[in-house]
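>>> sequence and predicted structure are below.
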Amino acid sequence: MRNKKIPLRKCIVTGERKPKGELLRIAYSKDGVLTIDPSGKAPGRGFYIVIDSKVAEKAKKKNSIFHQMKMPEQDGFYDQLIDYVKTIEGANHGS
């Protein structure tokens, strides 16, 4: 029996390669809008970030997501991302 290959994705902020389940997907739509995609199935180009509030705060500080995308920053996106990551971390630590 063959072992099933686990797809690895690279974090846009840290460069770490991790299994898809350990990362949060950010979708880039054709309209040029970034959205947090917890389902991992939203249409558009996908980018991944480690589910860690320190990484999300580092992304905000360095504007790394929008810089890598070569697009203007969206108001409030980083704050929304940080809040979302903190809720996921809280849920994971509670179990």
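Happy to help now that I have it. Numbering: from 1, shown residues only.

>>> residue 17 touches residue 8, doesn't it?
Yes. Using CB atoms under 8 Å, residue 17 is in contact with residue 8, at 4.6 Å. Just so you know, the C-beta spots here come from the backbone N, C-alpha and C atoms, and that holds for glycine as well.

>>> pLDDT of the longest helix seen in the chain, averaged?
Longest among the helix segments of the chain by residue count, using DSSP state H, is helix 77-94. Average pLDDT, helix 77-94: 87.

>>> what are the buried residues along that helix?
77, 78, 81, 82, 84, 85 (16 or more other CB atoms under 10 Å).

>>> tell me the SS of residue 71?
For residue 71, the reduced secondary structure class is coil; criterion used: DSSP: H, G, I helix; E, B strand; the rest coil.

>>> mind saving the C-alpha coords of the helix or strand of the chain with the lowest mean pLDDT as PDB?
Sorting the helices and strands of the chain by mean pLDDT, DSSP states H and E puts helix 64-69 at the bottom, at a mean of 85. What follows is helix 64-69 as a C-alpha-only set of coordinates in PDB (Å, rounded to 0.1, in the frame of the first residue of the first chain):
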ATOM      1  CA  SER A  64       4.800  41.500   3.600                       C
ATOM      2  CA  ILE A  65       1.600  40.200   2.100                       C
ATOM      3  CA  PHE A  66       0.800  43.200  -0.100                       C
ATOM      4  CA  HIS A  67       4.500  43.800  -0.800                       C
ATOM      5  CA  GLN A  68       4.900  40.300  -2.200                       C
ATOM      6  CA  MET A  69       1.600  40.600  -4.100                       C
END
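
>>> need the contact partners of that helix.
The contact list for helix 64-69 (CB atoms under 8 Å, 6 or more residues apart in numbering) reads 12-13, 26, 28, 34, 47, 49, 58-59, 72-74, 77-78.
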